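**Q** Sequence and predicted structure below; questions after.
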Amino acid sequence: MKGIIFTEFLDIVESSFGLDVCQQMLDEALDEGTYTTVGSYDHKDLVKLIITLSKITNVPATDLQEVYGKAVFTRLLASLPIPVDNETSTFEFIRKVEEHIHIEVKKLYPDATPPRFDFISETNSVMTMDYHSARCMAHVCLGLIQGCADHFNQKIHVEMEAIQPDQSHVRFHIQLLAG
């Protein structure tokens, strides 16, 4: 997993919970917290940090993942290797992630293994897509989808359906809401 995911996570933890909680999380997870944005790290280290933060804050790990995904969206958007048109919609952007951004990320970082999206169906107001990732971080993806909709000033309702119990394969039903 690319280091930017870790550095942004630590920044968000510090700004949301404070430096003391961030340091406590690192100490209890036995993690030095020395990540660089361009480094590559084991995703299990991030999972360990999330679980540790959950124990410290009494916030469910799935909720922390969603909040993180939502908060990190604009930060990741700014780091993209291709420009994004502000006239893009939520659905257009999600398609762009799979069809262009993940491809460009793999060109820049050959060792990167981004998740894969399979698009099942789409209308003007509903998109159904499958998320595939060995990292099983569908709740981060849910937060990213919510952050994407917020960025494009669209209201959505999202339902997650675990196809695999470990959430390595999850189906998202995304509905655009009026107004």
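**A** Alright, I've got the coordinates.

**Q** For the least confident helix or strand in the chain by mean pLDDT, buried residues please.
**A** Lowest by mean pLDDT, DSSP states H and E among the helices and strands of the chain is helix 102-108, with a mean of 74. For helix 102-108, burial by neighbour count (16 or more other Cβ atoms under 10 Å) applies to 102, 105. Heads up, the C-betas are built off the backbone N, CA and C, glycines and all.

**Q** Can you name the element that comes right after that helix?
**A** Sequence order places strand 116-122 as the next helix or strand after helix 102-108, per DSSP states H and E.

**Q** partners of that next one, with directions?
**A** Here strand 116-122 has these sheet partners by DSSP bridges: strand 126-132 (antiparallel).

**Q** so how many other residues sit close to the residue nearest to Asp130 when sequence neighbours are not counted?
**A** Of all residues not flanking Asp130 in the chain, Asp118 sits nearest, at 4.3 Å (Cβ to Cβ, 6 or more residues apart in numbering). Around Asp118 there are 12 other residues, counting by other Cβ atoms under 10 Å.

**Q** Point out where the protein drops to low pLDDT.
**A** Counting by pLDDT under 70, the chain shows low-confidence ranges at 80-87, 179.

**Q** just the helices in it please.
**A** Shown for the chain, the helices assigned by DSSP state H span residues 3-17, 19-28, 43-57, 61-78, 90-96, 102-108, 138-151.

**Q** Name the stretch among those that sits most buried.
**A** Burial of the helices of the chain is given as mean neighbour count (mean count of other Cβ atoms under 10 Å); helix 138-151 ranks first at a mean of 23.

**Q** Contacts for it, please.
**A** Residues from elsewhere that reach helix 138-151 (Cβ atoms under 8 Å, 6 or more residues apart in numbering): 61-63, 65-74, 76-77, 90, 93-94, 115, 131, 133, 155-156, 158, 160, 162, 167, 170, 172, 174.
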